[in-house]
Every structure is written in C-alpha cells, then in structure tokens.
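Visitor: Prediction below, plus the sequence it came from.
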Amino acid sequence: MSIWPTTAVNFRKYSGRISLAEKLYFKQLLSGVDFAPDDLLASQMVNFSYLVGDFETREAVAIDPAYDIAKIAQILEEDEMQLTGVLATHYHPDHVGGDMMGHQIEGVVEVCERFDVPIHANKAELPWIVRATGIASTSIVEHESADILKVGRQEIELIHTPGHTPGSQCFYVEGRLIAGDTLFLNGCGRTDLPGGDPDEMYISIHQRLAKISDDTILFPGHLYSPDPQASMGQVRQGNYVFRLNTKDAWMQMFNA
Ligand SMILES: [Fe+2]
C-alpha cells in the first residue's frame, strides 16, 4: 500500500497481456482497467494482479488478487484455467484485501469463499495477513525464502525480500520477477508503514535481488511508471535506488 503520484501512464501497453510462449500462462492485470473498472480506489491505486500457470495442465495461481474477485475468476474461466492457489506478496489491503482508509477491499477472504485453495505467504507475513484480512491462519501456507511452488509443471521461486513489510516476497518464474511493492521500475516500496524496515530494504534491493539477471523482466505491484514492465538491466540503470549503493546514502534517503 503506497500512494505515489501517477502521471503519463500509457494504458495501451499492458492490457491483459498474455504469454503464449511455450507452456507458461502469464497475465498482468491492472486494477481499475482489467478488473474493478468502476472502483475509484482501484483506479487510483493502479495495482497489478497476476495470473501465472501452466497452459497444458490448465492450472494457475493468482498473485495479489484484490478489489474484484468475481472478475478475476471470470478471466480464469474464460481462459479455461483452474485456480489452484494464491500467492501473496505482502499484507497490505490493496494486495490481499481488507480495510484501507475506511474502504473495504475484496481479497483473499473472497477468493477462499469461492475457491478451495491455499494462500501462500512468507512465514513472517502470516500474522500481518491474518490481522489485515481476518482470514483463518489455517488457510495460509507458510513459506521460507527459496521455496519452489509448482503450478502444473511451472516452477515459481519464492524470494523473501523484507523491507516494505516483514514478510514481503518476490516471485521468479521463467525470466520474470513479480516484485509486489519491493521494487518498482522507478523507486521501491515505502519503508515507513507498519512493519517497514529501511535496513532490510537496503539488503533486499542490493543483496537478496542481486542474483536476478539483467535480462529478467521486472513486473511490479503498481503501475507507477509509464511502462508496466522493464528488464532488470534497464531498472538497474534508471532506478535511483540502485544509485544509493552505500548503506549511508540509503539511510539518508529512507531513514530521514
Ligand atoms: Fe504495499
């Protein structure tokens, strides 16, 4: 959850993008456009949800489904994909549902009412998700960093990247990094919200994600840039957080 200015958005570039390459099913969906079109908060927050799966086995997971679960379910149905789970990047209501500034946002609770599927979260995020959404902790499968989740024959690596929240995690699948609010094309997630930690964010950006190659495509949790995705090489060149490459410089910016 973070409110940043959004300007010069090019809405034509992403629109429900689907990858037909080989066996990967991959959709990047924008709130207020691809789902929840009549929800002003969804339009303002410009969240991305993702659908990732195996075209051949027709299994898919939803990453950060929120605002309009019926529409996300409809997209899966139209694509003849079966939901087998949810991956949560972090606990903020614009990613997993709950109360945000007096607005009730649909999320994992509504997914579990409609589908009998588990919610996959980092173990450090579990109590935060329970508190934010009211979901039963038994609905959540706790994960460690480097866990692999299989969706059909697709393998998704879970990478723990604390800083925005204690149990924030990114997902790596076939040359794509789905980063939630850990890393945007420009900037990174806020560290001043409950559970945020600028020290941990420094380590996440400069060390925990260092193994991600430059040709990996970054898919962020919000559309805060004109483009909806970019290569990690481009992001490392253009995103100011990669220029803050000493702890002192970082803390001056984020711990002010
Ligand atoms: Fe967030």
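Guide: Alright, I've got the coordinates.

Visitor: neighbours around residue 24, how many?
Guide: 20 (other Cβ atoms under 10 Å). Bear in mind the C-beta positions are built from the backbone N, C-alpha and C, glycine included.

Visitor: And residue 69, by the same measure?
Guide: By other Cβ under 10 Å, neighbour count at residue 69 equals 24.

Visitor: was I right about it contacting residue 106?
Guide: Yes. Between residue 69 and residue 106 a contact is recorded at 5.0 Å, counting by Cβ atoms under 8 Å.

Visitor: For the stretch 151-256 of the chain, which residue gets nearest to the ion?
Guide: residue 181 (3.7 Å; Cβ to the ion).

Visitor: for that residue, what are its contacts?
Guide: 1-2, 89-90, 92, 95, 164-165, 168, 188-190, 220-222 (Cβ atoms under 8 Å, 6 or more residues apart in numbering).

Visitor: Now, the residues you listed that are in helices?
Guide: Of these, the ones assigned to helices by DSSP state H are residue 95.

Visitor: Which among the contacts of residue 181 count as buried?
Guide: Buried members of the contacts of residue 181, counted by 16 or more other Cβ atoms under 10 Å: 1-2, 89-90, 92, 95, 164-165, 168, 188-190, 220-222.

Visitor: Identify those among those that sit within strands.
Guide: The members of those all map outside strands under DSSP state E.

Visitor: The stretch 51-200 of the chain against the ion: which residues are in contact?
Guide: 92, 181 (Cβ under 5 Å from the ion).

Visitor: give me the low-pLDDT residue ranges for the stretch 51-200 of the chain?
Guide: Within the stretch 51-200 of the chain, no range satisfies pLDDT under 70.

Visitor: which residue ranges form the strands in it?
Guide: 59-63, 82-87, 98-100, 103-105, 119-122, 140-143, 148-151, 154-160, 169-173, 176-178 (DSSP state E, counting those that start in this stretch).

Visitor: Which one of the ones you listed lies nearest to residue 199?
Guide: strand 154-160 (14.7 Å; Cβ to Cβ).

Visitor: which residues touch residue 251?
Guide: Applying Cβ under 8 Å, 6+ apart, the residues near residue 251 are 198-199, 202.

Visitor: and these as TSV, adding distance to residue 226 and neighbour count?
Guide: Below are the contacts of residue 251 laid out as TSV (distance: Cβ to Cβ, whole Å; neighbours: other Cβ atoms under 10 Å):
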residue	distance to residue 226	neighbour count
198	27	17
199	31	15
202	27	24
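
Visitor: was I right about residue 185 contacting residue 223?
Guide: No. Assessed by Cβ under 8 Å, residue 185 is found out of contact with residue 223, at 9.1 Å.

Visitor: Pick out whichever of the two has more residues nearby.
Guide: residue 223 (26 against 21).
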